[in-house]
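fold the following and give me the result.
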Amino acid sequence: MKSLRSLISWSAFVLMAGLILFSALVYAVSEVLLHRFVDGQLFALAETLAKIVEQHPEILTRRAQGSALAADVRRSYELPEVPHSLQVFSPDGRLIWTSSTTATPPSLPADVLQRVERDHTVFETVDSASIPARHVFLSTVQDGQLRYVLQAQTSLLHYRETLNGLVFLLALGSGATLLVAWVGSLWLAKKVLAPIDALCTGAETMSETDLGKRLAMDSPYREFRRLTQAVNSVLDQFQRSSEVQRNFCEIAAHEMKTPLTILQGNLEVALMKARTPEEYHEVLLNNLQQVDRLIALTRPLLTLAKFTSSKPPVNLVPLAVEPLIQDLVDELILLADDRQITLRFESQPVSVVLGDAQWLKQALINLLDNALRYTPSGGAVTIRLQAVGHDVEVAVEDTGHGIEPENIPHLFERFYRTDWARAKDSAGTGLGLPIVKEIMDAHGGSISVTSEVNKGSVFTLRLPALAQQKALV
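So this is what the prediction gives:
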């Protein structure tokens, strides 16, 4: 597994390779530019000499007669340490004039003379043992015949020294940059990894008993503070989830303990002595009631377990809500009539939603079961279906006892039941409304409640319309 330190080391190697490429590019470009500059200077000098010779050809004669240059020419081809020198050669390659007072070649090599006759302008570099030089040969033509060959030359000593100095500066600058970058990367790695190491150490040493603790990072950088806040936020959620799970298990165990204790007590009493068939029958009936109570408790527990998993068991498909509610009302109308409660369904045209018919029906059954159970005879339960903005709203309204304001925030907590509901119906589990909330959350919807004591309650389900969901996607 790679670490951040190895990444920083690789970045230093990448920087070194980049500096080498950059230095090579700078050197190549500088060499080309200097080369062009030298050639341009030489060519301009040769053209100037050509114009002077063309306008004043007698200069060559006076120069040759007035000096002893021709007698003192040496065979050495070494160039003098002067910035520039000029020579004029005859068409057959003999030296007839020079601006230099030191040794110059007496004639042009045959191959150079042929190239000048063919190309008119020839550049050449001479790497001598002492001083390298750059030459340019320029021909002058009169009446279609070669008249003179002009040579301009300059020492490349300063040219080479400039390039060598550039190499030294590039090497020094690249080395210093690489050294600074390496030291800076080590400092940066230490600065960056120290808070992360502290955060990891704090997280690794935490146990379930330390869930109330939070990680602290003393860093001036907001990214690290944000990372710490994110980790602490995850710990908050984990702590809340752990507390909910622990409370859920404790309450579930407590709820299951009562019927199990009754079962155990009945069996122990029945086994203490011989009983009549009627007494055994009564014990069995009592135990059967407790088993039914356990089954009634187990089913919603299994349902909640499904919805608290990572993938709720819903299959969302385009669904028309009105037919689903109408079928449900048709099924419950007899039960409402038996309890002398008026069950009404008021519907308005609404859009299709993405939903699971089975689970939405289960949510409505839970709400209607509560409404019918806690509404007295002569009361009414009304289901209203309407469109509200981009949502589809289903409201279940009853005329029952209502809910006290202090109980409303806790209605969707598992196993929570109001004192009035416990006195009215001791067989309830307190899991119906939490299941409705889980179903609505799985559908991307919501549930809300408004209530007034002695007037009734209204539970409202909201589902996003299918067109709105497509727009969000």
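
the helices in the stretch 201-350 of the chain, which residues?
In the stretch 201-350 of the chain, the helices defined using DSSP state H, counting those that start in this stretch lie at 222-272, 277-307, 321-338.

so which of the ones you listed gets nearest residue 34?
Closest approach to residue 34 among these is made by helix 222-272 (47.9 Å; CB to CB). Where you see a C-beta, it was placed from the backbone N, CA and C, and this is true even at glycine.

could you pull out the strands in the stretch 1-150 of the chain for me?
For the stretch 1-150 of the chain, applying DSSP state E, counting those that start in this stretch gives strands covering 84-89, 95-98, 121-126, 133-142, 145-155.

can I get the helices of the stretch 201-350 of the chain in a markdown table including mean pLDDT, mean neighbour count and distance to residue 443?
Below are those laid out as a markdown table (pLDDT from 0 to 100; neighbours: other CB atoms under 10 Å; distance: least, CB to CB, whole Å):
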| stretch | mean pLDDT | mean neighbour count | distance to residue 443 |
| --- | --- | --- | --- |
| helix 222-272 | 76 | 13 | 21 |
| helix 277-307 | 79 | 14 | 11 |
| helix 321-338 | 92 | 15 | 11 |
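
quick one, which of the ones you listed is nearest to residue 402?
Here helix 321-338 is closest among the helices of the stretch 201-350 of the chain (CB to CB), at 19.2 Å.

what's the domain layout of the chain?
4-162, 222-307, 317-472 (automatic domain parsing).

sorry, back to before: compare the helices of the stretch 201-350 of the chain and give me the one nearest residue 405.
With CB to CB as the criterion, residue 405 lies closest to helix 222-272 of those, at 23.4 Å.

now find how far off-centre the closest one is within its chain.
The chain centroid and the centroid of helix 222-272 are separated by 37 Å, computed with CA atoms, centre = their mean, to the nearest Å.

cool, stretch 20-30 as well?
Centroid separation between stretch 20-30 and its chain, computed with CA atoms, centre = their mean, is 36 Å.

and what of stretch 111-126?
In this view, stretch 111-126 has its centroid 64 Å away from the chain centroid, taken as CA atoms, centre = their mean.

touching that stretch from outside, list them.
Stretch 111-126 has contacts (CB atoms under 8 Å, 6 or more residues apart in numbering) with 39, 42-43, 77, 79, 89, 92-93, 108, 132-139, 141, 146, 149, 156.

which parts of that stretch are buried?
With burial defined by 16 or more other CB atoms under 10 Å, the residues of stretch 111-126 counted as buried are 112-113, 115-116, 122.

now swap in stretch 149-166 and tell me
149-156, 159, 163, 166.

repeat that for stretch 166-176.
By neighbour count on 16+ other CB under 10 Å, the buried set for stretch 166-176 is 166, 170, 174.

before we move on, what about stretch 389-396?
Buried residues in stretch 389-396 (16+ other CB under 10 Å): 391-396.

then stretch 27-39?
34-35, 38.

pLDDT (mean, whole number) over that stretch?
Taken as a whole, stretch 27-39 has an average pLDDT of 89.

please save the CA atoms from that stretch in PDB.
Provided in PDB are the C-alpha atoms of stretch 27-39 (Å, rounded to 0.1, in the frame of the first residue of the first chain):
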ATOM      1  CA  TYR A  27      20.200  25.200 -23.400                       C
ATOM      2  CA  ALA A  28      19.100  24.100 -26.900                       C
ATOM      3  CA  VAL A  29      17.100  27.200 -27.500                       C
ATOM      4  CA  SER A  30      19.900  29.500 -26.200                       C
ATOM      5  CA  GLU A  31      22.400  27.700 -28.400                       C
ATOM      6  CA  VAL A  32      20.200  28.100 -31.500                       C
ATOM      7  CA  LEU A  33      19.700  31.800 -30.800                       C
ATOM      8  CA  LEU A  34      23.400  32.500 -30.100                       C
ATOM      9  CA  HIS A  35      24.300  30.600 -33.300                       C
ATOM     10  CA  ARG A  36      21.800  32.700 -35.300                       C
ATOM     11  CA  PHE A  37      23.200  35.900 -33.700                       C
ATOM     12  CA  VAL A  38      26.800  35.100 -34.600                       C
ATOM     13  CA  ASP A  39      25.800  34.100 -38.200                       C
END
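
please compute how far that stretch lies from its chain's middle.
Distance, centroid of stretch 27-39 to centroid of chain: 46 Å (CA atoms, centre = their mean).

and stretch 19-38, by the same measure?
The answer for stretch 19-38 is 40 Å, by CA atoms, centre = their mean.

returning to what we had before: for residue 216, state which of the buried residues of stretch 149-166 is nearest.
Residue 216 lies nearest to residue 166 out of the buried residues of stretch 149-166, by CB to CB, at 53.6 Å.

the helix or strand the closest one falls within to strand 121-126, inter-axis angle?
Residue 166 belongs to helix 157-204 when assigned by DSSP states H and E. Orientation of helix 157-204 against strand 121-126 (axes from the mean of the first three to the mean of the last three CA atoms, to 10 degrees) gives an angle of 70 degrees.

what's the span of stretch 417-430, first residue to last?
Start-to-end span of stretch 417-430 (CA to CA, to the nearest Å) is 5 Å.

so for that stretch, mean pLDDT?
68.

check stretch 167-184 too.
In this model, stretch 167-184 has an average pLDDT of 87.

same thing with stretch 127-147?
On average, stretch 127-147 scores 80.

other residues contacting that stretch?
The contact list for stretch 127-147 (CB under 8 Å, 6+ apart) reads 38-39, 42-43, 46-47, 50, 53-54, 77-79, 81, 91, 108, 112, 115-117, 120-126, 148-157, 159-160.

dump the strands of the stretch 1-150 of the chain into CSV; add distance to residue 253 as well.
Converted to CSV, the strands of the stretch 1-150 of the chain look like this (distance: least, CB to CB, whole Å):
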stretch, distance to residue 253
strand 84-89, 106
strand 95-98, 116
strand 121-126, 98
strand 133-142, 99
strand 145-155, 101
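
residue 276 is nearest to which of those?
Residue 276 lies closest, by CB to CB, to one member of those: strand 121-126, at 130.3 Å.

please name the strands paired to the closest one in the sheet, noting orientation.
strand 133-142 (antiparallel) (DSSP bridges).

how far away from the center of its chain is the partner strand?
Centroid separation between strand 133-142 and its chain, computed with CA atoms, centre = their mean, is 65 Å.

ok, now stretch 262-273?
65 Å.

who's in contact with it?
For stretch 262-273, the external contacting residues (CB under 8 Å, 6+ apart) are 279-280, 283, 286-287, 290-291.

residue 407: neighbouring residues, count only.
16 (other CB atoms under 10 Å).

confidence score at it?
Looking at residue 407, its pLDDT is 89.

wait, what's in contact with the residue nearest to it when sequence neighbours are not counted?
Nearest residue to residue 407, sequence neighbours excluded (CB to CB, 6 or more residues apart in numbering): residue 418, at 4.7 Å. Contacts for residue 418 were tallied using CB under 8 Å, 6+ apart; they are 403-404, 407.

now residue 37
By CB under 8 Å, 6+ apart, residue 37 has no neighbours at all.

how much space separates it from residue 142?
31 Å (CB to CB, to the nearest Å).

what do you get for residue 464?
Counting by CB to CB, the gap from residue 464 to residue 142 is 97 Å.

so for these two, which residue has more residues nearby?
Ranked by neighbour count (other CB under 10 Å), residue 464 and residue 142 place residue 464 first, with 21 against 10.
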